[in-house]
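Novice: sequence? don't have it. structure:
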């Protein structure tokens with residue numbers, strides 16, 4: 001990579017917050033300030049962010065976030081993500097606090113009502129990735145692999161602090177068994193995604209979906225050649241055609257969200273005094289010492 005090339009890190013703030021919260025919550029370690037403010041997710045968020053900055057050395061950073069629970073996908077399919085319970089009460093106030101963290105680091109913090117953090121990341125990555133800027137998406141969400149291209153890589157957070165899988169376009173085929181990142185959307189259209197309550201086609205699992213895509217390339221290709229598919233599988237596909245196409249639409253990250261960000265004016269150079277004040281406010285004494 002050209003040393004003069006920008007390295008833009010786009011952070012999935014929702015993934016870091018949830019991961020940080022549950023990394024400690026399950027062990028009964030829910031940090032609070034003396035005033036009763038819950039901070040365990042924020043504390044872990046900062047540690048994840050600083051670790052990624054140290055390991056991947058970005059020149060610029062953008063933090064992406066959800067803005068409310070309902071998105072355009074719920075209008076298409078009201079049951080989208082309806083299987084998810086409400087977040088714990090201790091986590092709720094920390095969703096707002098994370099913006100203060102980003103501002104203390106002088107990092108743009110971006111979201112838009114009606115869209116998910118994935119859509120924000122998708123829009124910015126496709127908008128800004130070019131020969132002069134390589135984009136790295138920091139997340140734990142495999143859906144973002146559909147965004148891979150020559151100038152976009154995904155830093156997948158793995159189990160354990162500081163454990164990552166850096167996935168490039170060149171890595172994709174051997175890691176996923178698919179020809180192209182866009183087939184992630186086709187795969188979910190066929191098999192669905194229980195974690196997001198995307199229905200897909202009943203009784204079509206990952207292996208069957210992968211075989212169909214290896215043979216026909218896409219959902220369109222499957223239905224163009226439906227006469228070549230026999231038995232119950234053909235019947236299921238025909239009966240659920242509308243649901244399959246809806247599922248594909250739900251799985252697709254929107255890369256045309258009406259957003260902009262003047263990220264070039266915010267290089268990855270931190271104001272230690274602003275950060276120290278934020279650490280002191282949240283009573284992160286160990287981080288204050290680390291900063292010193």
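Specialist: Looks like it came in fine. As the structure is a prediction and not an experimental result, all values here were calculated from the model. Numbers count the residues shown, from 1 in each chain.
Novice: The stretch 51-200 of the chain: helices as residue ranges?
Specialist: 72-76, 92-104, 117-128, 169-176, 183-191 (DSSP state H, counting those that start in this stretch).
Novice: quick one: what helix or strand has residue 245 in it?
Specialist: Here residue 245 is covered by helix 241-251, with elements defined by DSSP states H and E.
Novice: starting at the chain centroid, how far to the helix or strand just after that helix?
Specialist: Using DSSP H and E, the helix or strand that follows helix 241-251 in sequence is helix 272-281. On the basis of Cα atoms, centre = their mean, to the nearest Å, helix 272-281 sits 27 Å off its chain's mean C-alpha point.
Novice: average model confidence for stretch 220-230?
Specialist: Confidence over stretch 220-230 (mean pLDDT, whole number) is 96.
Novice: And stretch 111-124, by the same measure?
Specialist: Averaged across stretch 111-124, pLDDT comes to 97.
Novice: Now tell me what touches it from outside.
Specialist: With contact meaning Cβ atoms under 8 Å, 6 or more residues apart in numbering, stretch 111-124 is reached by 8, 10, 12-15, 62, 64-68, 70-73, 110, 135, 137, 139, 141, 143-144, 147, 253-259, 261, 263. (C-beta placed from N, C-alpha, C; glycine too.)
Novice: Just the buried subset of the residues you listed, please.
Specialist: 8, 10, 12-15, 62, 64-66, 71, 73, 110, 135, 137, 139, 141, 143-144, 147, 253-255, 257, 261, 263 (16 or more other Cβ atoms under 10 Å).
Novice: In strands, which of those residues appear?
Specialist: 8, 10, 12, 62, 64, 110, 135, 137, 139 (DSSP state E).
Novice: Would you verify that residue 210 is located in a helix?
Specialist: Yes - secondary structure of residue 210 (DSSP: H, G, I helix; E, B strand; the rest coil): part of a helix.
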